[in-house]
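Chemist: task: produce atomic coordinates for the following.
(chains A, B, C and D, ligands or ions: 4)
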Amino acid sequence: MSIQTNDLSMQTARAPSRRIRAVMRNHMSLLFAAAMLLVILMVYASLGRGVLTIEELNIDSAAALTLVLAATAQTIVMMRGGIDLSIGGIISLGTSVFATQVGDSAISVMVWSAIVLAGGALIGALNGWIMTTFRLQPFLVTLAMWSILSGVAMMVLPTDGGKVPGWWISFANEKLYGIVMPVWLIAALLLFWVWFAATRTGTTIKAVGSSAKAAYLSGVSEMRVNMVCYGLSGLFAAMAALYLTTQIGAGSPNIGSDYILASVAASVIGGVSLFGGRGHLLGTVIGAFILTIIGNLIFVLRISSYWQPVASGAILLCAVLVTSIIEKKTRASSS
Amino acid sequence: EDPYVIYLSNNFVGNDWRQQMLRVAEVTANKEPFAGRVDLRIENVEGTVQAQINSLNNIIRSKPNAILVDAASAEALNPTIQKACDAGIVVISFDQTISAPCAYAVESDWNRIPNVMAEWMADQLGGKGKVIIDSGLAGVPISANIEKGYRGVLSNYPDIEVVGTYNGDYALGPEQAGVGSLLAAHPQIDGILTQGYGSGAIKALQDAGRPVVPVTGFSYNVSALTCLETEGAKCILASNPAYLSSEAIRLAVQILDSGERPEERHILVNGPFLATGGFTSKLHPEADVVELENGKNAFPDLAPGLTLPVSPDWMEITPAESAGTN
Amino acid sequence: MVFLDVNGLSKRFGGIVALDNASFSGAEGEVHALLGENGAGKSTFIQILSGALRPDSGTISLGGAAFTAATPDMAASAGIAAVFQELSVIPDLTVEQNIWFRREPRKFGGMVDRREMRRRSEALLTAYNFPPLDLDADLRSLNLAEQQITEIAKGLSKNTRVIILDEATSALPATEAQWLLKTSRKIAEEGRLVIFISHRMSEVRFVADRLTIFRNGETVGTHRIDAVSDDDIVTQMIGRRLASLYPHRTPSETGRIALRVDRMHSRQGLKDVSFALSEGEVLGVGGLQGHGQRELFQSIFGASSAEGGVELWGRPANIGSPRDALTGKDGIALVPEDRKGQGLLLDKSVAQNLTLSILPLLSRSGLVDRTREASAVDQMIEKLSIKVGSRAQTVGTLSGGNQQKVVIGKMLLTGAKVLLLYDPTRGVDVGTKAEIFRLMRELAAQGYAILFYSSDLSELVNVADRVIVMRNGETVDTIATPDLTEEAILSAAVLDTRGH
Amino acid sequence: MRSLLEGRSQILLAYASAIILLIATSFVSPGFLSESNLRLTVILAAFIGIVSIGQTFVVIGAGIDLSIPWVLNCAAVTMAMLAGGQDGNLAWVVPLVLFGGMAVGIFNGIGVAIAGVPPIIMTLATNVILQGVILVFTGGRPTPPTPEFITYLAVGRIGPVPVLGLIWLVLAVVATFVLSRTVFGRQLYAVGDNAEVARYSGVPTVRTTIATYVISGFTAALAGILLTGYSGQAYLGMGDAYLFTSVAAVAIGGASILGGTGTYVGTVAGALILTILNGLLPALNLSSGALQVVYGLVILVTVAASGETVQRLGQVLFRKRSRPQGGE
Ligand SMILES: Nc1ncnc2c1ncn2[C@@H]1O[C@H](COP(=O)(O)OP(=O)(O)OP(=O)(O)O)[C@@H](O)[C@H]1O
Ligand SMILES: Nc1ncnc2c1ncn2[C@@H]1O[C@H](COP(=O)(O)OP(=O)(O)OP(=O)(O)O)[C@@H](O)[C@H]1O
Ligand SMILES: [Mg+2]
Ligand SMILES: [Mg+2]
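Modeler: Ligands and ions are numbered 1, 2, ... in the order given. Purely as a prediction, here's the structure:
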C-alpha cells in the first residue's frame, strides 16, 4: 500500500548517510588521535630533525613498544569496561623472573619467555576469577594484585639486577628490510587485533563493555568474559615485560608501576572509552606514540629544565583539549 | 675554542635534594674555572626509566661531549649508556650511579657512611639496646646498601638487637609515620638508624611522648637544627652532598681536557659527618666527624630542606647560592 | 492440542509477588495473546520461559517433554525464543552483529564470516519481509522503533517452535506494527506458536486466536478471541468495568497562546515547523514516524539545538538546555521517547527518579525537605496507581508500564504549564491509559497546554483537539475536529495536501 | 530497598573489617591501642580522609582526580613560602592558598565538563603541569619552616583529642550532609549515574561536574597545608603518596569508580583501613617485598569479605539476578 512504499523510500534514503555517521561515530576519536599525532610530528619535523625517516620510525618504535604492549593489555580490559592496575605487577615480576632465571642459550630464553607469558596469562585469569566470584570492582582486585606481585618481584629480585643474553638485548635493533623488529611487532599486533576484533570473543568483550545486562541476557558468561579479558591483559603485560628486558638488559622489581597510568592514558587518547564498548588498538598505538614523541619534542624544543614538566603536560593537554572540543561539536551535530 | 657540550640527565625533580643538586650544577658551570668552557644542558624526565632511556637516546643523537647521569636505575640504563660510550661520549653517573663499566660513578662512600653511623650508635648505646632501622625506598640499591651496612656493623655487638624496620622513603612524612608505628609496636627502643632526615624520627618520639634517643640521619639543615634545638637529642648526620653534580662536571671537564681516562671508575666523594659531640671511628679513622654548631654547619635562617655541606672544598658555593635565595 | 503447557508457576522478588501459581497452555499454529495490567506478571512469565529468570516453583512442558532453561541460549535451542520488552540489544554493535550475536557464522581462524552472515541476514529480512533496516548502523544511532525491529529480527532469526513477542509493537509506528501483526499470523500458519503481549486491544483482536489473562500474577482465564467482548477482557484484566477508554472531549482552549513555534529548523532534520499551542488545548502531532516529531519535541525542550522562534505566553523564550526549559517561569516539561536513555536512572529508587527534576522546588536553602519529598512521591504513586513494593524500590525492577508511569509522574511533578508528551502511553495498560487521557483533558481544562505525540493514531484522533501533521520535517497540514480521523491524518502524512 | 540496604551493609562491613584489623594489629603491636598511637593513627587517617573528600565527590560524579598530589604539594609549598614561618600571615595566606586549590579545580572541571576531556587525562596533565609550575615558582628552593599555628592544627590536641581529628570530624559531617541532603548532592549522584538522564531532568550537569573538582581542589589544598604542620616543613614530593591512596580509600568505601554510587561515610572506613594497615605492616618485621604482598592480600580479603557477604545478603533477601559489578 501507498504508506508502506512512501515509508520505504524515506528510510532507504536515510540509510547511507547514517552508515557514514555510524562509521564516523565509531572511529572519530581514532581519527582525531591520528590527526593529533600528525600535528605533533609536523612541529617536530619543522624543528630540523628528519622525522619522517625510517631511522626515526625505528628509534621511536623501539622506544614506544613497551608502552604499546602494556596499553594493548589495558585496551582489551577497558573495552570490557574494566581497568587493570595489576599489569604494573606483572611487568615488574616478569622482568625480575626473566632476568634472574634466563641463561644465554636460545632454548633457555624460549623456555623462560614461555613461562613468563603463561604466568602473566594465569595471573590475569585469576584477577578475572576473583572479581567475578566475589563481585569486586576490577579497580580494587587489580590494585591488590599489583601490590602482591610487586612484593613477589621484590622477593625474587630485591633491587634492579640480573642479566639477559647480549643477543637478546640487541634484538630490538635487529633489522628486516631495513626496519627493526619493534616496527614489525607493532604491525603484527595490529594484524592480531584485526583478527581478534573479528572473532566471537572479540565481539563478546565489546558487547559486555557496551551493555553487560543485554550481553548476559544473550547468554554471555560473565566469568568466562572476565577470565579471558584479564587473562589476555596479563599475557600482553608479560610480553611488555619480556620486551622491556631487551631495553634495560636486566630485571627491575618496581619498573612496572611506570606503565599503569601511561597505558590507560595511551588507550584513552586513542579513543578507547573507560566505560567500555568502544575503541580500536590502532588508536591505542597512536596514543602510545604521542606520549613517547612528546618527550622528543620537548628535547628538540630545548626547553629549560624547570619548564620541561610544564611543557610536556601542556602539550599533551592542548592536543587532547583541541581534539575533544572538535569531537564534541562533531558528535553534537551528527547525532 | 667552543665550550664542551655537557648534558645532565636527571630522572627525578620531585625533592629538595635534586633541586639543590641541579642548582649547584648550574652555579658550578658558570663559575671559574668552568665559566664559558662548559655549555651545561639539563634534561629532566618524570621519574620513569623508560622516559630517561628515551631522553638519553635523544641526547646521544645530538652527539654531546659528555653526559652526566643521575640514574633512575643502576642497571636498566646500561644498554643505552653502552650506546653512548660506543659513540665516544664521556659518561659520568653520580648520586644514583649505574653499573655499566664504561661509565664513571661519582658517589658518596656507601660502605663508610652506614659503618660509621652504626658504630657511633653502638658507642652511644654502650653496645647494648634495641634499635630500629630505616630500609629507605623499597627496591633502591643505595637503600639496601645502607641497611646492609647498618646491620653488618651492629651484628658485631651481640647485645644490640634490631627490633624493626620501616620504609622512610627519604621523606619526612613516611619517616615520621614509620617510626611512629614502630614505637607503638615496641615499648622499648633505644636508637633509631634512619636513612632520611632523622628529624622526622625525633618528631615521632616527641609525638609519642617517648624520651629522645640517639638518631642517625643525613645532613639536611632541618636535621642539624632539630638535633641542636631538641633537648637531649644525640645525632650523627652523614652527608650525601648535593654538589656531587659539581664533582661530576669537574671530572668530565678534566677527562675532556686531558683526553685520558682514570683507571678507577668509582670516584668516592667523602663529605664530613656532623655529630652532637665529637666521635672518632675505629673502622674508618680517616672519616672526619665535625661537631654540630649553630651558624657554622647549621643555619637557622636558611631553608630546612637544604643539604649540608653546601660547597666542595675546591670551589666556593655560598649557602645562598645553593639555596637559590640570592 | 497442547504444545506448551505451564502449571503452578510462581516467582517472588523479595516482598513482591510477580507470579502466583500461574498457568498457561498454547497450541502449535496459534497466536496466543497474553493480557494483563501493568505488573500483572507477563514479562516475568516470559523471562522464565525464555531462560532469563528461574521460577521459584512450577512446571513447564514443551511438546510433552519437561522444559528447563538456565539461559536464553538453552531456551532457544530447546525451542523458545523471546523478543524482550526491555530490549536486549547492544548499543555499540551494528544491527547485523546484534541479530546474530554469539551465533555468528564463522570461517577459518574463528573469524566471523561476514559474507555468510550478510547472506543470512538478507535471507531473514526478506523471508519475513522486514521493513528496511540498515544492517551496518550502530544500534546507538537508531531510534527506538528501529532498535525494536532489530530485537524482533534477533528473535525470529533463532527460528524456534515458540516465539514470544513482549510488547514488541509498543515502540513501533502504525505501518511497522501492521507488518508485525501480519508476520505473527504467518508464523502461526507455519504451525508454530506465537505468544503475543500487547496493551492495544485492536491489535489483539486482529492477530490472536486465543487469549489468556493475568491479574496480580494469577491466571484469570483463557478464551477464544471471538468468544469474549473487549469489555469482558478489560474487566477481567483490571477487576472492574471501564466506562470508556477515551474521555469526553470538552473544548477548553482559552485562545491565549501558550507556546508558539515559528519556522523552527535544525541540523537534526527539522526543515520548517510553525504552530501555535493555546492554553487549555491538547495539540496532537501526527505523521509517519521518523518525519521529525521526535526532533521537534527535543528541540522545543532544549535537549537538541535548533534555530527559529519559540514564544511562551507571548514572550520570546530562549531555551539552551533542558534546565532552561524546566526552570523557566511556568516552564516546559517533556516525557521523552527513550525511557532508559533519557527518562530514568534505572538503578536508583522510584522516589529519587520521581523527584529528580524538582529537587530545587522541594528544598529550602539548598536542603531537600524529605517529608515534602516523600509526600510528593506518595501522591504521585497514588495518582498514577504505580505498582511498587515501596518508594525505595529500584525503578529498573518495575514492570515496563510502571516504569513509564514513573516517567509521566516525574514530568507532572515539575508543575510545568506546557507539557510535551512523546508517546506517553507506550506499554501502559488500558486502565491506566484511560486514566492518563482523563488526566490530560483535566489538565487542559485547568489551563495547561499539551503537545501530544502517539504512535497509536487512534489516541491522537480521540484525545487531541487538533492535530498538526508533519512530513519530512515540515508541518504540512492541521486537522481539527470534527474532520479529525485516522484516514485524514494518514493521507495528509503521505500526500502533500497543499497540492504542489 | 535493595540499593539502600546494600549501600548501608557494605559500609557497616567496611567498618567491621576496620575494627577487626585494629584488633589484629593490637596483637602484633602491643602499644598500638595506646592513647598516643591511636592519636597518631587518627592524624594519619585524617590526611587520607581529607584528600579523599574531594576524590569521593569526583568519583561519585563518574570522574577521577589524579591532580591531587601536586595540588596538595603546591598548596603546602606556597603556604610555607608566603607565610615565611609567621602565624600573622596565615590570615590571608591560607584563604589565598585554598582559593588557589579551587582555581585548579575549576580548570580541571572546565576541561572535563565543557571541553569533554577524559578526566583521567585532564587531571593527570594538570598534575604534571602543577609540578613544573611549583618548581618554576619556587626555583626549586627549599621552603621556610611551618608557622606554629599550622603545626598546632596538625599535631596539637585538646585534652586527649587531636585537633586534626576534630577538623576531620567536622569536614566529614559536612561532606556526608552535602551528599545526602542537599540538592547538589542528590543531583551529583544523578550526573554520575547517567549524565544524559540528568541533563533531561534539568540537572545543571556542567556546573555540578565542575563543582566536584573544585571541592577536590579545596580539600587537597587543605590537606597540603595541614600536612606541612605534621612534618614540620613543606617538601617536594609530599603529595605523591596520595595519588592511589585517595582512590583506594573511596573504592574500599564501597563507591564504584564508574560513578553514581558511594558515600563519604564509606570513604572514612577506607581511610581508616588503609592507615591501620600502614601501622600494622612495619610491626610485622617483614622484608619490603613481603610487606607489599601482605598489603595486597589484606586489601583483597577485606573488600572480598564485605563484597561477598553483601551479595549473599542481596541474594537471600531479594533473589537478585547476578549483575556485573563494574560492567554497566
Ligand atoms: N527484579 C525484580 N525485582 C523486584 N521486583 C520485580 C523484579 N522484576 C519484576 N518485578 C515485579 O514483578 C511484577 C511483575 O512485573 P512484570 O514485568 O512481569 O509485569 P508485566 O506484566 O510485564 O507489566 P507490564 O505490562 O508493565 O510490562 C511487578 O510488580 C514488578 O515490579
Ligand atoms: N552532560 C553534558 N555534556 C555536554 N554538554 C552538556 C552537558 N550538560 C549540559 N551541557 C551543555 O552545557 C550548557 C549548560 O548546561 P547546564 O544548564 O546543564 O549547565 P549549567 O552551566 O550548570 O547551567 P546554568 O548555566 O543554567 O547554571 C548547555 O548548553 C548544555 O547543552
Ligand atoms: Mg512487561
Ligand atoms: Mg543552563
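Chemist: what residues of the one helix or strand in chain B whose mean pLDDT sits lowest count as buried?
Modeler: Lowest mean confidence among the helices and strands of chain B (mean pLDDT, DSSP states H and E): helix B:319-323, at a mean of 83. Buried residues in helix B:319-323, counted by 16 or more other Cβ atoms under 10 Å in any protein chain shown: B:Pro319, B:Glu321, B:Ser322, B:Ala323. Glycine gets a C-beta too; all of them are placed from N, C-alpha and C.
Chemist: and the last one, how far from D:Val197?
Modeler: Counting by Cβ to Cβ, to the nearest Å, the separation of B:Ala323 from D:Val197 is 56 Å.
Chemist: stretch B:135-145 vs chain A: in contact?
Modeler: Yes. With Cβ under 8 Å from any Cβ of the partner chain as the measure, stretch B:135-145 is seen reaching chain A through B:Ala138, B:Gly139, B:Val140, B:Pro141, B:Ala144.
Chemist: when you compare pLDDT across those residues, which one is lowest?
Modeler: Least confident of the residues of stretch B:135-145 next to chain A in the model: B:Gly139, at 79.
Chemist: what's the burial count for it?
Modeler: B:Gly139 has 23 neighbouring residues, counting by other Cβ atoms under 10 Å in any protein chain shown.
Chemist: which residues touch it?
Modeler: When the contact criterion is Cβ atoms under 8 Å, 6 or more residues apart in numbering or on different chains, the partners of B:Gly139 are A:Met154, A:Pro158, A:Thr159, A:Asp160, A:Ser252, A:Pro253, A:Asn254, D:Ser288.
Chemist: so which of those are also by ligand 2?
Modeler: The subset of the contacts of B:Gly139 within reach of ligand 2, by Cβ under 6 Å from any ligand atom, is empty.
Chemist: and of those, the nearest to D:Tyr230?
Modeler: For the contacts of B:Gly139, the closest approach to D:Tyr230 (Cβ to Cβ) belongs to D:Ser288, at 23.7 Å.
Chemist: where do the strands sit along chain D?
Modeler: Under the criterion DSSP state E, strands of chain D are mapped to D:157-158, D:161-162.
Chemist: repeat that for the stretch 101-250 of chain A.
Modeler: A:175-176, A:179-180 (DSSP state E, counting those that start in this stretch).
Chemist: show me where pLDDT drops low in chain B?
Modeler: The model of chain B has pLDDT under 70 over residues B:326.
Chemist: residue boundaries of the strands in it?
Modeler: So, for chain B - with DSSP E - the strands run B:4-10, B:38-44, B:66-70, B:90-94, B:104-108, B:129-134, B:160-166, B:191-193, B:215-218, B:235-238, B:266-269, B:273-275, B:289-291.
Chemist: the residue most central in space within chain B: what's it in contact with?
Modeler: Note on chain B: the residue nearest the mean C-alpha position is B:Asn240, at 2.9 Å, using Cα atoms, centre = their mean. If you count contacts by Cβ under 8 Å, 6+ apart, B:Asn240 has them with B:Trp17, B:Asp95, B:Ser108, B:Ile113, B:Phe218, B:Gly271, B:Thr307.
Chemist: do you know how far the third one is from chain C?
Modeler: For B:Ser108, the distance to chain C under the criterion Cβ to the nearest Cβ, to the nearest Å works out to 58 Å.
Chemist: with adjacent residues omitted, what lies nearest to that residue?
Modeler: Leaving aside its sequence neighbours, B:Ser108 sits nearest to B:Asn240 (Cβ to Cβ, 6 or more residues apart in numbering or on different chains; 4.6 Å).
Chemist: next, count neighbours for residue 212.
Modeler: Since you didn't name a chain, this refers to chain A. Neighbour count of A:Ala212, defined by other Cβ under 10 Å: 24.
Chemist: if you could check chain C rather than the one you did, that'd help
Modeler: Neighbour count of C:Thr212, defined by other Cβ under 10 Å: 24.
Chemist: for the nearest residue to C:Thr71 once chain neighbours are set aside, what are its contacts?
Modeler: Leaving aside its chain neighbours, C:Thr71 sits nearest to A:Gly219 (4.3 Å; criterion: Cβ to Cβ, 6+ apart). Neighbour list for A:Gly219: C:Gly51, C:Thr71, C:Pro72, C:Asp73, C:Met74, C:Arg102 [criterion: Cβ under 8 Å, 6+ apart].
Chemist: for ligand 4, find the nearest of the strands of chain D.
Modeler: Distance to ligand 4, taken as Cβ to the ion, is lowest for strand D:161-162 among those, at 43.8 Å.
Chemist: which residues sit against stretch B:245-262?
Modeler: Under Cβ under 8 Å, 6+ apart, the answer for stretch B:245-262 is B:4, B:6, B:8, B:21-22, B:24-25, B:27-29, B:34, B:37-38, B:40, B:65-66, B:68, B:70, B:90, B:92, B:94-95, B:104, B:106, B:267, B:269, B:312, B:314-315, B:317.
Chemist: hmm, 7 Å instead?
Modeler: Under the criterion Cβ atoms under 7 Å, 6 or more residues apart in numbering or on different chains, residues B:4, B:6, B:8, B:21, B:24-25, B:28-29, B:34, B:37-38, B:65-66, B:68, B:90, B:92, B:94, B:104, B:106, B:267, B:269, B:312, B:315 lie in contact with stretch B:245-262.
Chemist: and if you look at stretch A:225-240?
Modeler: Under Cβ under 7 Å, 6+ apart, the answer for stretch A:225-240 is A:66, A:69-70, A:72-73, A:76-77, A:80, A:82, A:84, A:87, A:90-91, A:94, A:116-117, A:119-121, A:123-125, A:127-129, A:131-132, A:201, A:204-205, A:208, A:259.
Chemist: buried among those? Make that a ChimeraX selection.
Modeler: Of the contacts of stretch A:225-240, the buried ones can be selected in ChimeraX as follows, counting by 16+ other Cβ under 10 Å:
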select /A:66,69,70,72,73,76,77,80,82,84,87,90,91,94,116,117,119,120,121,123,124,125,127,128,129,131,132,201,204,205,208,259
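Chemist: cool, thanks, talk later.
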